[in-house]
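> just a sequence and a predicted model for now, questions to come.
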2 protein chains.
Amino acid sequence: MPPRSYVSPARSAAAAETRERVIEAASRTLREGESIARFSLDTVAKAAGVTRLTVYNQFGSRRGLLEAVFDEIARHGGLHQLADAMTMADPRAALDRMVEIFCRFWSRDSAVGRLHDAMATDPEFAEAIRERNERRRRGVTALIERIAGKHTSPQARKDAVDLIFALTSYPTFASLSAGRSKDEVCRVVQTACHAALANLSNPSS
Amino acid sequence: MPPRSYVSPARSAAAAETRERVIEAASRTLREGESIARFSLDTVAKAAGVTRLTVYNQFGSRRGLLEAVFDEIARHGGLHQLADAMTMADPRAALDRMVEIFCRFWSRDSAVGRLHDAMATDPEFAEAIRERNERRRRGVTALIERIAGKHTSPQARKDAVDLIFALTSYPTFASLSAGRSKDEVCRVVQTACHAALANLSNPSS
DNA sequence: GATTGACTATACATTATGTATATCTAATTT
DNA sequence: AAATTAGATATACATAATGTATAGTCAATC
């Protein structure tokens, strides 16, 4: 006899709620812990008031939980403002805005730093984060195409894209954050990006 | 009765040799493995033909082994050339040379990438690596002091130092290495550093 | 009232770091 | 030559983490 399956509004709502609670507990644990080393599913489960097996039921694995946390942070990190930025008339102003948006994103929740640390020990998670970063790379590429002149070599464009991609990455943000506020880091990165744009016209330095 | 202790040339020589063998096996394991995740003392010990306890006798801990590997790589990585570079008459040429030396260093042994990954899970190891990086920061600071004019603000100097420090870091090198040779990365970083120097004269962009 | 989905309880397999204790062997001292 | 010592081994154990397996609980749904 075929099993009769059904969808349950109350059930899935409760499940979604516990899911949110686990994600919240996980990001809090990441935020408060000083290193990814002590981040365990046991800790998260206890903080969320559920069993460790519930975490596995919801996310499948440690990696699944980390990806869910990253996506949650991304959803509330203001990255949706990128769409507006990309439509700005002046592509240089758009780049400044993009830098601002990402500096705010990297600084908003310190859990993103721990998530980047998790890339080191989990190659597949690293790949997942890298794919999410590709959106930033595509944004930079589009702006560079608009800024570059017709005589700009493909090599110069590629260099500018990759350099700005590196400048707007989390590691660069974290490095510059020692002794600087988010806004100060933003200013430094913006200036560096301007300089990278100047090299689009001056192929040889 | 007091224990009679003695130093044994043959013994310490043999110990030093096994130590070298373990370090070699560890760096090879790091180089060949595609992630730090699978790097275990068991694997290293077997690769070196010793017991896991021998590793503990020699290095005390996993962290101790990793630090020893990093120091070994640093010893043979050409960083001693920095001394010559720092004495160059033209500080801008010295900076170019410094970038070149570090690009070669980061690219020489792919184990350095894995060691940087290990920073994520071991805060004390991370601190040890950071201390070793301070030498680079001091070098950059010294050069910036020579390049900056009297009217250059302390803030502008600090910004230049930190930006160039970030540009010459391993994460930046790794990011730019996608689709680029070591020498091409070097050129991109050098150009970016030149631009950072230009901002020493132009306080506001 | 029977069944189903989410969660729980408990147990187990595996892997890794790190510690403890006793033993072995060759180099060194007396 | 005999005792001792440093380095390495053998074996065992404690701890913690991920991940899997199985049975059971309880409320929502059919």
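Arrived safely, thanks for sending.
> mind listing what the residue of chain A found nearest chain B touches?
Using CB to the nearest CB, the closest approach of chain A to chain B is made by A:A195 at 3.1 Å. Every C-beta, even on glycine, is put in place using the N, C-alpha and C of the backbone. By CB atoms under 8 Å, 6 or more residues apart in numbering or on different chains, the residues touching A:A195 are B:192, B:195-196, B:198-199.
> ok, now A:V69?
Contacts here follow CB under 8 Å, 6+ apart; on that basis A:V69 touches A:23, A:26-27, A:30, A:111, A:115.
> element containing it?
Here A:V69 sits within helix A:62-75, counting by DSSP states H and E.
> buried set for the helix or strand following that helix?
Downstream of helix A:62-75, the next assigned helix or strand under DSSP H and E is helix A:81-86. If you call a residue buried by 16 or more other CB atoms under 10 Å in any protein chain shown, then helix A:81-86 has these buried ones: A:82, A:85-86.
> I'd like to know which elements helix A:81-86 is packed against.
Here helix A:81-86 touches helix A:91-108, helix A:123-147, going by 3 or more CB pairs under 8 Å, 6 or more residues apart in numbering or on different chains; DSSP states H and E.
> for these, which one ends up most surrounded?
Sort the helices and strands packed on helix A:81-86 by mean neighbour count, taking mean count of other CB atoms under 10 Å in any protein chain shown, and helix A:91-108 sits at the top with a mean of 20.
> quick one: contacts of the very next helix or strand once past it?
Moving toward the C-terminus from helix A:91-108, the next helix or strand (DSSP H and E) is helix A:111-121. Outside helix A:111-121, the residues within contact range by CB under 8 Å, 6+ apart are A:27, A:30-31, A:33, A:35-36, A:39, A:66, A:69-70, A:73, A:105-106, A:125-126, A:129, A:170-171, A:174, B:35-37, B:116-121.
> buried only: go through those residues for me.
Among those, the ones that count as buried by 16+ other CB under 10 Å are A:27, A:30, A:35-36, A:39, A:66, A:69-70, A:73, A:105-106, A:125-126, A:129, A:170-171, A:174, B:35-36, B:116-121.
> please list which of those also come close to DNA strand D.
A:F39 (CB under 7 Å from any atom of the strand).
> how is chain A divided into domains?
A:10-68, A:77-201 (automatic domain parsing).
> make CSV from those and add mean pLDDT to it.
Shown next, in CSV, are these (pLDDT from 0 to 100):
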stretch, mean pLDDT
domain A:10-68, 97
domain A:77-201, 97
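> of all those, which one is nearest B:A93?
Closest to B:A93 of these, according to CB to CB: domain A:77-201, at 19.2 Å.
> you'd agree A:D162 is up against B:S177?
No: using CB atoms under 8 Å, A:D162 makes no contact with B:S177, being 9.6 Å away.
> of those two, which one has the most company?
Each of A:D162 and B:S177 has its neighbours counted (other CB atoms under 10 Å in any protein chain shown); A:D162 has more, 22 against 17.
> helix or strand for that one, which one?
helix A:154-167.
> just want the angle from that helix to helix B:154-167.
110 degrees (axes from the mean of the first three to the mean of the last three CA atoms, to 10 degrees).
> quick one: buried residues of helix A:154-167?
Across helix A:154-167, burial judged by 16+ other CB under 10 Å covers A:156-167.
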